[in-house]
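S.K.: What would the 3D arrangement of this be:
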Amino acid sequence: MIRKKDIIKLPIKADGTPDFAYIESYIQKTRTIAMERISILQSL
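M.R.: All right, here's what the predicted structure looks like:
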């Protein structure tokens, strides 16, 4: 749960804007790993 005082740090580009391409890539890699692990568990 995110509260009002929580700070979420995002990766940024050299110009100081959020690096959404990196964030998207990171999420996709994490999702792929999770799906692979789910597949392994389902095959047991």
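S.K.: From residue 35, how far out is the residue located most distally from the centre of the chain?
M.R.: Here the centre of the chain is the reference, and by Cα atoms, centre = their mean the most remote residue is residue 44, at 27.2 Å. Remark: distance between residue 44 and residue 35 (Cβ to Cβ, to the nearest Å) = 16 Å. Bear in mind the C-beta positions are built from the backbone N, C-alpha and C, glycine included.
S.K.: go on, residue 6?
M.R.: Look at residue 6 and residue 35: by Cβ to Cβ, they are 28 Å apart.
S.K.: for the residue farthest from the centre of the chain, what are its contacts?
M.R.: Residues counted as contacts of residue 44 (Cβ atoms under 8 Å, 6 or more residues apart in numbering): none.
S.K.: any idea which helix or strand carries the residue most central in space within the chain?
M.R.: Centroid-nearest residue in the chain: residue 27, 3.3 Å away (criterion: Cα atoms, centre = their mean). Using DSSP states H and E, residue 27 sits within helix 20-42.
S.K.: Can you list the low-confidence ranges for this structure?
M.R.: Within the chain, the stretches with pLDDT under 70 are 1-2.
S.K.: run the last query once more with 80
M.R.: Residues of the chain that meet the criterion pLDDT under 80 lie in 1-4.
S.K.: hang on, the earlier thing: Provide a list of residues in contact with the residue nearest to the centre of the chain.
M.R.: So residue 27 contacts nothing (Cβ under 8 Å, 6+ apart).
S.K.: gap between it and residue 5?
M.R.: Counting by Cβ to Cβ, the gap from residue 27 to residue 5 is 25 Å.
S.K.: thinking again about what came up before, of residue 6 and residue 35, who's got more company?
M.R.: Taking neighbours as other Cβ atoms under 10 Å, residue 6 and residue 35 compare with residue 35 leading, 10 against 7.
S.K.: quick one: contacts for the more buried one?
M.R.: No contacts exist for residue 35 under Cβ under 8 Å, 6+ apart.
S.K.: so how far is residue 20 from it?
M.R.: 22 Å.
S.K.: Count the residues that sit near residue 18.
M.R.: So residue 18, with other Cβ under 10 Å, has 11 neighbours.
S.K.: Beta-bridge partners for it, please?
M.R.: Taking DSSP bridges, one obtains residue 12 as the residues bridged to residue 18.
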